[in-house]
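A.B. asks: only geometry, no sequence info:
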């Protein structure tokens, strides 16, 4: 069953006097619970389509249909609410808040998503997920004291703690070595399966394609 | 969960530096304000302590109170019509004590009234600051213009004029010293609006202060210093929060990307600003009150609770405005840009 539809999405940037079209009409359907991997050379538009789908920038044309509504017609506040409650993000860098402990990173996300859970329930959820990502023993640690792999595991937990419907991952293992890449991808795969989360992931890494249910190759702003 | 508080807890040094600067500037402002008010009291307590009303002087005196001479008939008529009114005169002079030491005083005399000390002929009531100069009740004070001697009958607290302690004397004695028969000024308390009398010019108590030589210039200078400090504090707030915000642009972008409301980021900044400011101002206010206690007696320092509250309120307002202006960049932060820059 489709959860998110990208219909004839185009994106044009102004480059001085010249209009540069980086997306030339993308059509893509994300199926519920599946991992879709976007691959392609640099400049093919894969990161642009991911950020547009995640509501971080607007499409110049086209529709992004999520739960029957077109994201491209929503105002900033409506998109923010969707980002906070229904979407999860994993970036290339972990982008953790430097002055929050590991468990507070997750508590903040629960607050932002305006969860209906009570305080003690929130704490239980956080601890449960930290155990799953094997970071419970470091729950009081601050980001600067974590290794790259640990930071990314916390970032994954933060992206999933509010049980989003879609996870957007922009090269989530780019800063990790191959052993840690495997660990992190296995973790993403297991968690999204268990929690029934749909994933759209941008990657350069061919190794990661084995974790995807659908592989979409992009070239020059079009799906091949 | 209070993310603002967590940041303060984790970055104590950064916030302590900001707080200590606010403390130093506000402490200086409190002290200058205390000195300004102290000098103002020292210069004009006699007038400032009067109830609301209007002071009248001769129009021909051109706003110079010691050149004013109220016509005796007019004075009698006004005092007859206004039961609470009083006529009074002030002149700077000297008294000499038993040990031949001269003391500068402001001689004040008035027609019978509760607003000024009433003294008999040959008696004087002086400001308590003269106690510290060795004058006691019963001492004899002389003046080279006065044929007799003044017996000190008592002291009054904090009654000064033109930076000199007030010496209340009898009208007859005053007339003898200054060879005058008229009073200089009339005061009618409790009026909303000044009455109009032919040949007299009216002043509110506040306006009358400006006729005291040097009062305006002195107050203007001190008030300018106080307000400069307040403005500088506001700029410091803006600059410090701007620098802090610039360092956190990436963080704000990520927080926005994961769904933080812009207003929540502003609230976070306001919370930090108010927290630091209140602590810094609390310490400043407490220390400046402590300073009032330990300050040398001769130092005119008067920081009222009202003035402290007023300054605190101004500081918080200006801090809020400064921080908010510097926070405009929060509104402009694009989450996508922060993510692509790979900050944090």
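C.D. replies: Yep, that arrived. All values derive from a computational prediction rather than experimental measurement.

A.B. asks: does residue A:164 count as helix, strand or coil?
C.D. replies: coil (DSSP: H, G, I helix; E, B strand; the rest coil).

A.B. asks: measure the residue nearest to residue A:33 when sequence neighbours are not counted to chain B for me?
C.D. replies: With sequence-adjacent residues excluded and distances taken as CB to CB, 6 or more residues apart in numbering or on different chains, residue A:33 is closest to residue A:196, at 4.9 Å. C-beta here means a position set from N, CA and C on the backbone, and glycine is covered the same way. As judged by CB to the nearest CB, to the nearest Å, residue A:196 and chain B stand 21 Å apart.

A.B. asks: Now do the strands in chain A.
C.D. replies: Assigned by DSSP state E, chain A shows strands spanning A:2-15, A:18-31, A:35-40, A:61-66, A:69-70, A:87-90, A:166-170, A:198-202, A:214-219, A:222-223.

A.B. asks: Contacts for the fourth one next, please.
C.D. replies: What that stands for is strand A:61-66. A:3-10, A:25-26, A:52-53, A:70-72, A:82, A:86, A:166 (CB atoms under 8 Å, 6 or more residues apart in numbering or on different chains).

A.B. asks: Show me which residues of chain B sit near chain A.
C.D. replies: B:1, B:3, B:6-7, B:9-11, B:251, B:254-261, B:335-336, B:339, B:342, B:344 (CB under 8 Å from any CB of the partner chain).

A.B. asks: Now, the residues you listed that are in helices?
C.D. replies: Under the assignment DSSP state H, those contribute B:3, B:6-7, B:9-10, B:251, B:254-257, B:335-336, B:339 to helices.

A.B. asks: among those, which two are most distant?
C.D. replies: B:9 and B:336 (30.3 Å; CB to CB).

A.B. asks: what about those two, which has more around it?
C.D. replies: Higher neighbour count among residue B:9 and residue B:336: residue B:336, with 18 against 11, using other CB atoms under 10 Å in any protein chain shown.

A.B. asks: Residue B:100: how many residues sit nearby?
C.D. replies: 7.

A.B. asks: Repeat that for residue B:121.
C.D. replies: Count around residue B:121 with other CB under 10 Å applied: 12.

A.B. asks: pLDDT wise, what is it at?
C.D. replies: Residue B:121 is assigned a predicted lDDT (pLDDT) of 93.

A.B. asks: what's the answer for residue B:299, then?
C.D. replies: Looking at residue B:299, its pLDDT reads 86.

A.B. asks: next one: residue B:14
C.D. replies: 89.

A.B. asks: Pull the contacting residues for whichever residue of the stretch 1-150 of chain B sits closest to chain A.
C.D. replies: Chain A sits closest to residue B:10 of the stretch 1-150 of chain B, with a gap of 3.7 Å, by CB to the nearest CB. Going by CB under 8 Å, 6+ apart, residue B:10 touches A:98, A:99, A:100, A:142.

A.B. asks: Apart from its chain neighbours, what residue comes closest to residue B:321?
C.D. replies: residue B:234 (6.6 Å).

A.B. asks: who's in contact with that neighbour?
C.D. replies: Residue B:234 is in contact with B:318, B:319, B:321, B:322, counting by CB under 8 Å, 6+ apart.

A.B. asks: hmm, 10 Å instead?
C.D. replies: Listed by CB atoms under 10 Å, 6 or more residues apart in numbering or on different chains, the contact partners of residue B:234 are B:25, B:314, B:315, B:317, B:318, B:319, B:320, B:321, B:322, B:323, B:325.

A.B. asks: Spell out which helix or strand contains it, please.
C.D. replies: Element membership for residue B:234, per DSSP states H and E: helix B:215-247.
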